[in-house]
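Visitor: the following block contains a protein sequence and its predicted model.
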Amino acid sequence: MKINEIIREKRIARGMTQEQMAAYLGVSAPAVNKWEKAVSYPDITLLPALARLLETDLNTLLSFKENLTDEEIGAFTGEICMVAMEEGRGIADAFALAEEKIREYPSCDKLVLNAALALEGVVLLTARAGMQEQYLPKIEEMYKRAANSNSKDAAVKYHAKSMLVSKHKERGEYEEAERLLEELPDETLYDKKMIQSGLYLAEGRTEEAAQIIERKMMSDISGVVSGLLTLMEIAMKEDRKEDVEMLAQTAKQTIRLYDLWEYEEYAVDFQVAMAKEDASQCLVSLESMFAAMQKMEDVSVPDSALYRHLPVKNSAGKQAERSGDQVVRRAGVQDREGVGAQSRKGAGTMGEMLMSNLIQEMKNAENQEYDFLRRSDEFCAFLSRWEKETVIKKEYMSD
């Protein structure tokens, strides 16, 4: 919070008017008004008296705080997503917001990392290929900053390095990816989150204990599904057709068993059909995927007893807890880890945004993996029909 906001907030909390504050400090009421509007600032000699009058200290008054709390960072990343998806604003405004906050807290590496994750999520979800190329290098620089910092929070550095490993791998820079990978630790022999949930349970803090377990379970299951899809891809490359079918069925059963999103199940079939270049089966899978996406009003937690304690965001809400939808990577939607994406005002639902993104990916002539589909009249008719049914506004994809 900036000094003008702190002055106003604490003045109101004390029940004082601007005139009363001015009288106590020996200044004019317009001067106090200018402080609160950030037009001007108090003279340095007034700061001790001002802090005492507002019943605070100079550190608080001047925001001398090196780091934000996890709750503050979570709220801010949500704000980034809302700005990026708000009608009349866009990704450029979200970047400006993030850069301003990072300048305010330059030593808060967790802020840098989470801002990068949030920005990458909205860029991959909403921007066209050309726009992505404009923003993704900036995001990678943020990951490098977090990875090379002197932060005492090793988890932040390791997470940032893991993101950089993925970037180098995607560009075929395997030697650099291997070097960074060697700097990451092996898994520890204990699970801090599980220990923490056990402690909360013993203390009677059942809500917090359940949230930890449910969030970890969702993350672990997403990892299992991602692993199955990777094994399926390997089996395709090795022409082990029976294993491909078995792994696909196992992935779909896992998605159903753990109440993940319905469209993820159809995305598995789509990935198999894409590998076979089976245009007919691709269309069947896409029809099912898009029909399931139409039911998604927000990025949130599936309605399931398995995730009962996780915060759920409704269409007017502020928060989403669901992380990376990994099974649609083949369909052009990248992993989005830790991103609480928000539905954009006036721009349709999250399901419609996913559909719009996939349509743009499949229409893009530079994306050669869809060439065999684009030669199909049925596929072209499919794209045309769903473009008309999708309510996302055209400017959404060009922000």
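Guide: Yep, that arrived. Residues are numbered from 1 along each chain as shown.

Visitor: packing partners of the worst-scoring helix or strand of the chain on mean pLDDT?
Guide: For the chain, counting by mean pLDDT, DSSP states H and E, helix 58-61 ranks last in confidence among helices and strands (a mean of 81). Packing partners of helix 58-61 (3 or more CB pairs under 8 Å, 6 or more residues apart in numbering; DSSP states H and E): helix 3-13, helix 47-53. No exception for glycine: its C-beta is placed from N, CA and C like everyone else's.

Visitor: tabulate those in TSV, adding columns for distance to residue 353.
Guide: Formatted as TSV, those follow (distance: least, CB to CB, whole Å):
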stretch	distance to residue 353
helix 3-13	33
helix 47-53	46
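
Visitor: how about the ones you listed, which one is nearest residue 181?
Guide: Of all the helices and strands packed on helix 58-61, helix 3-13 sits nearest to residue 181, with 43.3 Å by CB to CB.

Visitor: could you list the buried residues of the next helix-or-strand element following that closest one?
Guide: Sequence order places helix 18-25 as the next helix or strand after helix 3-13, per DSSP states H and E. For helix 18-25, the neighbour count (16 or more other CB atoms under 10 Å) marks 18, 21-22, 25 as buried.

Visitor: and the gap between residue 249 and residue 265?
Guide: Separation of residue 249 from residue 265 (CB to CB, to the nearest Å): 10 Å.

Visitor: looking at these two, which is more packed in?
Guide: residue 265 (22 against 12; other CB atoms under 10 Å).

Visitor: circling back to that earlier point, quick one: which of the helices and strands packed on helix 58-61 is nearest residue 102?
Guide: helix 3-13 (18.2 Å).

Visitor: now the angle from that closest one to helix 18-25?
Guide: Going by axes from the mean of the first three to the mean of the last three CA atoms, to 10 degrees, helix 3-13 is angled at 100 degrees with respect to helix 18-25.

Visitor: any idea which element residue 139 lies in?
Guide: helix 129-147.

Visitor: check which residues of that helix are buried.
Guide: Quick answer for helix 129-147 (16+ other CB under 10 Å): 131-132, 135-136, 139-140, 142-147.

Visitor: list the contacts of the closest residue in space to residue 275 that isn't next to it in sequence.
Guide: Excluding its sequence neighbours, the residue lying closest to residue 275 (CB to CB, 6 or more residues apart in numbering) is residue 236, at 4.6 Å. For residue 236, the contact set (CB atoms under 8 Å, 6 or more residues apart in numbering) comprises 244, 272, 275.

Visitor: contact partners for the second one?
Guide: For residue 272, the contact set (CB under 8 Å, 6+ apart) comprises 232, 236, 244-245, 248, 281.

Visitor: before we move on, back to that, hey, C-alpha coordinates of the least confident helix or strand of the chain in PDB?
Guide: Extracted C-alpha coordinates of helix 58-61, given in PDB (Å, rounded to 0.1, in the frame of the first residue of the first chain):
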ATOM      1  CA  LEU A  58       7.400   5.000  10.400                       C
ATOM      2  CA  ASN A  59       8.100   1.600   8.900                       C
ATOM      3  CA  THR A  60       4.400   1.000   8.400                       C
ATOM      4  CA  LEU A  61       3.700   4.600   7.200                       C
END
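
Visitor: remind me what the helix or strand following that helix packs against, helices and strands.
Guide: Scanning forward in sequence from helix 58-61 by DSSP H and E, the next helix or strand is helix 70-85. The helices and strands touching helix 70-85, judged by 3+ CB pairs under 8 Å, 6+ apart, are helix 91-104, helix 109-126.

Visitor: nearest to residue 36, out of these?
Guide: helix 91-104 (18.4 Å).

Visitor: ok, back up a step: how about the buried residues of helix 129-147, which pair is most distant?
Guide: That would be 131 and 147, which, of the buried residues of helix 129-147, are the farthest apart (CB to CB) at 24.9 Å.

Visitor: low-confidence ranges in the chain?
Guide: 1, 63-66, 128-130, 188-189, 297-301, 312-348, 390-399 (pLDDT under 70).

Visitor: mind splitting it into its structural domains?
Guide: 3-61, 70-182, 210-398 (automatic domain parsing).

Visitor: what's the burial count for residue 37?
Guide: Count around residue 37 with other CB under 10 Å applied: 10.

Visitor: got it, and residue 30?
Guide: 12.

Visitor: can you say which helix or strand has it in it?
Guide: helix 29-36.

Visitor: what angle separates that helix from helix 18-25?
Guide: Using the same axes, to 10 degrees: helix 29-36 against helix 18-25 is 100 degrees.

Visitor: and helix 29-36, how far out from the chain's middle?
Guide: With CA atoms, centre = their mean, to the nearest Å as the basis, helix 29-36 stands 39 Å off its chain's centre.

Visitor: change the start of the numbering to 46 and stick with it
Guide: Got it, first residue is 46 now, which makes that one helix 74-81.

Visitor: can I get that helix in PDB? Just the C-alpha atoms.
Guide: The C-alpha coordinates for helix 74-81 follow below in PDB (Å, rounded to 0.1, in the frame of the first residue of the first chain):
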ATOM      1  CA  ALA A  74      -6.600  21.000   4.900                       C
ATOM      2  CA  PRO A  75      -5.800  21.200   1.100                       C
ATOM      3  CA  ALA A  76      -2.300  19.900   2.000                       C
ATOM      4  CA  VAL A  77      -3.700  16.800   3.600                       C
ATOM      5  CA  ASN A  78      -6.000  16.400   0.600                       C
ATOM      6  CA  LYS A  79      -3.000  16.500  -1.700                       C
ATOM      7  CA  TRP A  80      -1.200  13.900   0.400                       C
ATOM      8  CA  GLU A  81      -4.100  11.500   0.100                       C
END
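
Visitor: quick revisit: got the angle for the helix holding residue 184 vs helix 154-171?
Guide: 170 degrees.
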